[in-house]
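sequence? don't have it. structure:
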């Protein structure tokens, strides 16, 4: 696709209902830069590729705001200009002056409050620059990427099997989702389909990851308002699920559990039954704690109407995951995941999804119920290793999509005869960070920790 | 009688200085138990004071004498405030007297000193905490004054000794005004000690700090003084709550016994409040304190309606 047709093609794909799944650039030979945009429709994935010979293409951010961070990243990494993206603020490049990356604000009593990247707690490195009037936030500029490791570049040139380690080390809390997205992309490129055993094993791991993450999020929201009994109860439940993880895979964060071409979860009938029993007790305790939390007025009053994300904004800005569903968007990639075992799955959206902190917390409970149901069903049968079947010819590009605990994670790989020519991973956190900043406008400064925890996004997933 | 007063004096000074850190320590311990954690020992505040005492100090730049004087001024005003509060309705005749209004003034003075220090260094979080603190303090002081006026009405005096003697009278507990004053005072107690739902003493999250904010720049002994002062605030408030509002027996020793029982009970109450209540939204705190003022005003109205003079 020539550079002149790039914008038209992207906008057409978007207008035809294609959901934006990321914009990536790569530099294959010096002087030539490739820009790619991914759109997904129920019919399949559409990858638009453009050779940007003149070091620039037209922007698509005016029509697809979700591409904002992607374009800024491509500019910082590869020097690509996006004509019409004005001002094109630096995202990864930390060398530039404050004025270059913050939004200018002016007016009576407007001042800035800067927090991080070193925080007063065990929190990852992120710098938040609040433009405030008194306690009220006008605008928030987020600066992440303090611990960017360049994993995507480092993985280039490695055999496809080795790439798993890179995808997995991008983030601990999303390790399964990221690696499953990666192996899906690889298997798509290799023209393979996993059999039922592999699918069962991966689905079990994904749901275990979701359960411990969602339990952690409920605990974190309680901590955000200083409601210690809720924090403690849910931290204990999360710990129990992590111990279950350890029992199943020898790792609390489920590291090294996803393999290319085979499954890794083996459970005989007794082990599966023991896991089901433990999950049932955890579920039972969650249900009773959750009922109690519903009746803590001082807690619930802190959550209602705070940092509301409207359905229209969620769709327009490309929100994903529990955040989007809490705003009433019926979008959950588990609904069409033929490479996993989600028969007849439907996205859980509460009938009264108000898009505020309360809705995001309730969404976690809603999805926990769903995940417990799924796990109960998946563990009814023993799990074995399984394998792949070749169904299609090998292709140079593979795309994998997985619903992680934080939203849709997209992986695109370029296969060069069994080696990685390029790896791109766009996680749910990456999609939602700009939306967190968007919802902060008009909120109170001391409510930020609470709002931040209602999104509970990974820093590592962005600093990949 | 003089022996009683001398004993009261000793408890005022030594108890206030040595036992004060026990109040936040015990509260934390009970809180941890309620949440199913073993928690730190009640002696933890003492260990922290010892640790800070042996650390070297660091001062921010630029700073002036305002910043350097603040810890001494805060400590001094809290030390004087300690002897204003009678123990068992007795107290030696300290030259500063026992006027409740002086106590309110001293607490305000220490806050003023720490606010100026935050202003002096100009640190963002210090100023933010100080400004929030002042936002809460203005209504809190109003409620405290109202509560004092309510209990002072029957005795026609604002001397804390006279007020705490009045709590011995059997009739006091039958009056709505006394209950209203107690309610108002309990809200002030939460605000003064920086406890949930008004402030969260456990959090050091930059954006939510109130009392912690202005202390951020201090280190070493200066911080030790400020932390002791915060514990002394706890001591003064729970001692006052006991002296003025609990039904009191007459004899000195019986009153001392009541104080010994009441202090841990106040800690239980603080721990229970913190465990069952999440922290409030920051802009609703003045409304809560305003509610306390309304209750006190209703108490005042009931006093006049009852024909009290």
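Nice, thanks for sending it over. Since this is a predicted model, take the numbers as computed values, not measurements.

contacts, neighbours, all on C-alpha from now
Will do.

Can you list the residue ranges for helices in the stretch 351-464 of chain A?
For the stretch 351-464 of chain A, applying DSSP state H, counting those that start in this stretch gives helices covering A:357-378, A:428-439, A:448-455.

right, and those - which one's nearest chain B?
helix A:448-455 (7.4 Å; Cα to the nearest Cα).

hmm, the closest one in reach of chain B?
Yes: counting by Cα under 8 Å from any Cα of the partner chain, chain B is contacted by helix A:448-455 at A:448, A:449.

just checking, what packs against that helix?
Packing contacts for helix A:448-455, counted by 3 or more Cα pairs under 8 Å, 6 or more residues apart in numbering or on different chains; DSSP states H and E, involve helix A:196-224, helix A:357-378, helix A:428-439.

Would you format these as CSV with mean neighbour count and mean pLDDT included?
Converted to CSV, the helices and strands packed on helix A:448-455 look like this (neighbours: other Cα atoms under 10 Å in any protein chain shown; pLDDT from 0 to 100):
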stretch, mean neighbour count, mean pLDDT
helix A:196-224, 24, 92
helix A:357-378, 21, 93
helix A:428-439, 23, 94
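
Same list, these, but as CSV with distance to chain B please.
Below are these laid out as CSV (distance: least, Cα to the nearest Cα, whole Å):
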stretch, distance to chain B
helix A:196-224, 8
helix A:357-378, 14
helix A:428-439, 16
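
ok, back up a step: for the helices of the stretch 351-464 of chain A, give me TSV that also has distance to residue B:299.
Output for those, formatted as TSV (distance: least, Cα to Cα, whole Å):
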stretch	distance to residue B:299
helix A:357-378	38
helix A:428-439	44
helix A:448-455	38
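
Residues in contact with stretch B:225-239: which ones?
Applying Cα atoms under 8 Å, 6 or more residues apart in numbering or on different chains, the contact partners of stretch B:225-239 are B:16-17, B:19-24, B:49, B:71-72, B:74-75, B:78, B:81-82, B:85, B:87, B:189, B:192-193, B:215, B:259, B:263, B:266.

What is the neighbour count of residue A:298?
18 (other Cα atoms under 10 Å in any protein chain shown).

Would you mind pulling up the elements that the helix or strand where it lies packs against?
Assigned by DSSP states H and E, residue A:298 falls within helix A:297-303. Counting contacts by 3+ Cα pairs under 8 Å, 6+ apart, helix A:297-303 packs against helix A:357-378.

Can you give the contact residues for the helix it packs on?
Residues beyond helix A:357-378 that count as contacts (Cα under 8 Å, 6+ apart) turn out to be A:200, A:204, A:207-208, A:210-211, A:214-215, A:217-218, A:221, A:276, A:279-280, A:283, A:290, A:300, A:303-308, A:322-323, A:325-327, A:348-350, A:353, A:451, A:454-455.

now do the same end-to-end measure for stretch A:142-162.
33 Å (Cα to Cα, to the nearest Å).

so where do the strands sit in the stretch 251-400 of chain A?
Along the stretch 251-400 of chain A, counting by DSSP state E, counting those that start in this stretch, strands occupy A:388-390, A:397-404.

Could you tell me which residues make contact with residue A:96?
residue A:90.

Am I right that it is in a strand?
No: Residue A:96: not assigned to a strand; according to DSSP: H, G, I helix; E, B strand; the rest coil it is coil.

where's it relative to chain B, distance?
Going from residue A:96 to chain B by Cα to the nearest Cα, to the nearest Å gives 23 Å.

tell me the phi and psi of that residue?
In terms of degrees, to the nearest 10, the main-chain angles of residue A:96 are phi -80, psi 160.

Any figure for the gap between it and residue A:87?
14 Å.

Residue A:17 now?
Distance of residue A:17 to residue A:87, computed by Cα to Cα: 28 Å.

got the phi/psi numbers for residue 48?
Answering for chain A, as no chain was given. phi -100, psi 120.

if you skip the residues just before and after it, what's nearest to whichever residue of the stretch 101-250 of chain B sits closest to chain A?
Per Cα to the nearest Cα, residue B:208 is where the stretch 101-250 of chain B lies closest to chain A, at 4.5 Å. On the basis of Cα to Cα, 6 or more residues apart in numbering or on different chains, the spatially nearest residue to residue B:208 that is not a chain neighbour turns out to be residue A:446, at 4.5 Å.

so what's that neighbour up against?
With the criterion set at Cα under 8 Å, 6+ apart, residue A:446 makes contact with A:135, B:207, B:208, B:209, B:282.

Please identify the residues of chain A in proximity to chain B?
Contact residues (Cα under 8 Å from any Cα) of chain A with chain B: A:113, A:115, A:119-121, A:225-229, A:232, A:296, A:298-299, A:302, A:445-449.

circling back: which residues sit in contact with the residue of the stretch 101-250 of chain B closest to chain A?
Contacts for residue B:208 were tallied using Cα under 8 Å, 6+ apart; they are A:445, A:446, A:447.

One more pass at 10 Å, please.
If you count contacts by Cα atoms under 10 Å, 6 or more residues apart in numbering or on different chains, residue B:208 has them with A:224-225, A:445-450, B:125, B:128-129, B:132, B:199-200, B:279, B:282.

Where does confidence bottom out across those?
Of all those, residue B:200 has the smallest pLDDT value, namely 80.

Check which helix or strand it maps to.
Residue B:200 is part of no helix or strand when elements are defined by DSSP H and E.
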